[in-house]
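Peer 1: just need the structure, nothing else, for what follows:
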Amino acid sequence: MAEAERIIGTPDIPDAEGTDEGGSTAADAAVNAGRGKRKVLVLLSVAVVAYLLDLATKMIVVAKLEHQPPIDIVGDWLQFRAIRNAGAAFGIGEAFTVIFTIIASGVIVVIIRLARKLYSLPWAIALGLLLGGALGNLTDRLFRAPGAFEGAVVDFIAPKNFAVFNLADSAIVCGGILIVILSFKGLDPDGTVHKD
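Peer 2: Numbers count the residues shown, from 1 in each chain. Have a look, this model is predicted:
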């Protein structure tokens, strides 16, 4: 966690009593703090929307689609088909459910700790997607059968010749892709741009 926090370091915030060596004032610090709070609000809003959409779709799938034949959405290219997945995203590693639960919990803790150093809107969106997706699948692992920390995730989006997944998996993948793009562009979570 310390390494992740080092990467997402914030600019020095001056003391409230005047200017620092670079000429920043207490007013600048207050403005930066306000911007940081808005970015955290964006992160939390994105996370809540992603989480609630995932939770709602899984509840509908369990109630209406489980133990039913698949529903064709786009011919046989895309179906809704309910399955229970004890592994990671896209059905990988079904023997390691407890480990994936611990990893998801760790990701959530790291995102929450790093949120206080967040000054970039794109990073707020990316981390919000990761947080919402991780919470969505963690909820399944904690509360669905066969039991706590071993619960199977509800998956239902089934493209042809591809693994079945859910909205939480999609949020995690989209957040991860956005983080890779931001990193390649040199945009840091604290809002600065670095050139390598």
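Peer 1: what about the residue nearest the centre of the chain, which SS state?
Peer 2: The residue lying closest to the centre of the chain (CA atoms, centre = their mean) is L130, at 0.9 Å. Per DSSP: H, G, I helix; E, B strand; the rest coil, the local secondary structure of L130 is helix.
Peer 1: quick check: it vs I181, distance?
Peer 2: Remark: distance between L130 and I181 (CB to CB, to the nearest Å) = 14 Å. C-beta: built from backbone N, CA, C; applies to glycine.
Peer 1: who's in contact with the residue nearest to the centre of the chain?
Peer 2: Applying CB atoms under 8 Å, 6 or more residues apart in numbering to L130 gives the contacts V107, I111, A171, I172, G175, G176, I179.
Peer 1: number of nearby residues for the third one?
Peer 2: It refers to A171. Neighbour count of A171, defined by other CB atoms under 10 Å: 27.
Peer 1: what about it, which helix or strand?
Peer 2: When secondary structure is defined by DSSP states H and E, A171 falls within helix 167-185.
Peer 1: by contact count, what packs against that helix?
Peer 2: Here helix 167-185 touches helix 26-60, helix 121-143, strand 153-159, going by 3 or more CB pairs under 8 Å, 6 or more residues apart in numbering; DSSP states H and E.
Peer 1: tabulate the ones you listed (a markdown table), appending distance to D76 and mean pLDDT.
Peer 2: Listed next are these as a markdown table, based on distance: least, CB to CB, whole Å; pLDDT from 0 to 100:
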| stretch | distance to D76 | mean pLDDT |
| --- | --- | --- |
| helix 26-60 | 21 | 85 |
| helix 121-143 | 27 | 94 |
| strand 153-159 | 10 | 95 |
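Peer 1: including distance to D190, could the ones you listed go into a markdown table?
Peer 2: Formatted as a markdown table, the helices and strands packed on helix 167-185 follow (distance: least, CB to CB, whole Å):
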| stretch | distance to D190 |
| --- | --- |
| helix 26-60 | 9 |
| helix 121-143 | 9 |
| strand 153-159 | 33 |
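Peer 1: thinking again about what came up before, measure the residue nearest to the centre of the chain to I112 for me?
Peer 2: L130 is 11 Å from I112, by CB to CB.
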